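Q: I would like to see how this sequence folds:
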Amino acid sequence: MPLPLAPASINVLVVEDEEQLLAMLKANLEREGYLVTTATDGRPVLELHRKTPFDLIILDLMLPQVDGFQVLQQLRYAEQDVPVLLLTARGEEETKVKGFDLGADDYLTKPFSVLELLSRIKAILRRTHHDRINPDQVILSSGPFTLDRERMIFRKGPRRLDVGPHALRILEVLMLRPGHIHSREELINLTWSLELRPSSNRVVDVHIYTIRKILGTRKNMLMTVEGIGYRWAHTVESLPRP
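A: Numbers count the residues shown, from 1 in each chain. Predicted coordinates:
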């Protein structure tokens, strides 16, 4: 089985009141190997952090009752230096400046891609928890193919293959859990951001067809399970970058 990029000891709190977005964030972070706790309002954040200190808090600004700015202010007044990544639909410079002035570590404006979010998270954790993050274990290897998860490059031997971004994400999801059957719905949830979600799950079939063409004579490494979904049907190793 492949190794996730993040050790299971990394605790992340996601504070977001949009239920669909919260579920998507939780699923993607858990797939990366993080332990995830969720909240839909800012009121319990400080108490949750005191009980079980988090390594990172992903904090939406537009929350009911107690908003993200208030939560961030409470954390810093309480001398809690946990890294905080702010999420917001607001992109104004003054909003960002206020967030940084209150002690935010980074800022992401909605809509954002899952890839960008994961990249920002990894960058924060490498700065703040470098002793617990191993950025080198990023190559998934299966048969003649390799997928560099950090650079999102798919190769057959030394040759780079031309794969689109969504097809790459589907490949990554499949290769991370070889043998596991992923439904179209699951692949959509783990590959598309909520705002860019396609209107039909059948778009997955188009990307699967493209991936199989790229696999060529090894196309049977990606199997269809009739009426259920798709699975990667070959062993996968997680390797450090050479």
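
Q: tell me the pLDDT at the residue located most distally from the centre of the chain?
A: For the chain, the C-alpha farthest from the mean C-alpha position belongs to Thr217; by C-alpha atoms, centre = their mean, that distance is 31.0 Å. Predicted confidence (pLDDT) for Thr217: 94.

Q: Glu30 now?
A: The model's pLDDT for Glu30 equals 85.

Q: same deal with Glu47?
A: Glu47 is given a pLDDT of 91.

Q: ditto for Ala8
A: 49.

Q: one more: Gly99?
A: pLDDT at Gly99 comes out at 88.

Q: quick one: contacts of stretch 199-214?
A: When contacts are defined by C-beta atoms under 8 Å, 6 or more residues apart in numbering, stretch 199-214 is touched by residues 154, 161-164, 166-167, 170-171, 184-185, 187-188, 219, 222, 224, 230. From N, CA and C alone the C-beta is placed, and that goes for glycine too.

Q: next, the buried residues of that stretch.
A: Neighbour counts over stretch 199-214 (16 or more other C-beta atoms under 10 Å) mark Val203, Val204, His207, Ile208, Thr210, Ile211, Ile214 as buried.

Q: which among those residues gets closest to Asn11?
A: The shortest gap between Asn11 and any of the buried residues of stretch 199-214 belongs to Val204, at 31.7 Å (C-beta to C-beta).

Q: just checking, next helix/strand downstream of the helix or strand containing that closest one?
A: Per DSSP states H and E, Val204 falls inside helix 203-215. On the C-terminal side of helix 203-215, the closest following helix or strand by DSSP H and E is strand 222-225.

Q: pull the distance from that following strand to the chain's centre.
A: 24 Å (C-alpha atoms, centre = their mean, to the nearest Å).

Q: against which helices or strands is it packed?
A: helix 203-215, strand 229-232 (3 or more C-beta pairs under 8 Å, 6 or more residues apart in numbering; DSSP states H and E).

Q: neighbouring strands of it in the sheet, and parallel or not?
A: strand 229-232 (antiparallel) (DSSP bridges).

Q: following the partner strand, which helix or strand comes up?
A: strand 237-240.

Q: SS state for Leu86?
A: Taking DSSP: H, G, I helix; E, B strand; the rest coil as the rule, one finds Leu86 in the strand state.

Q: tell me, how many residues neighbour it?
A: 26 (other C-beta atoms under 10 Å).

Q: ok, now Glu93?
A: If we define neighbours as other C-beta under 10 Å, then Glu93 has 7 of them.
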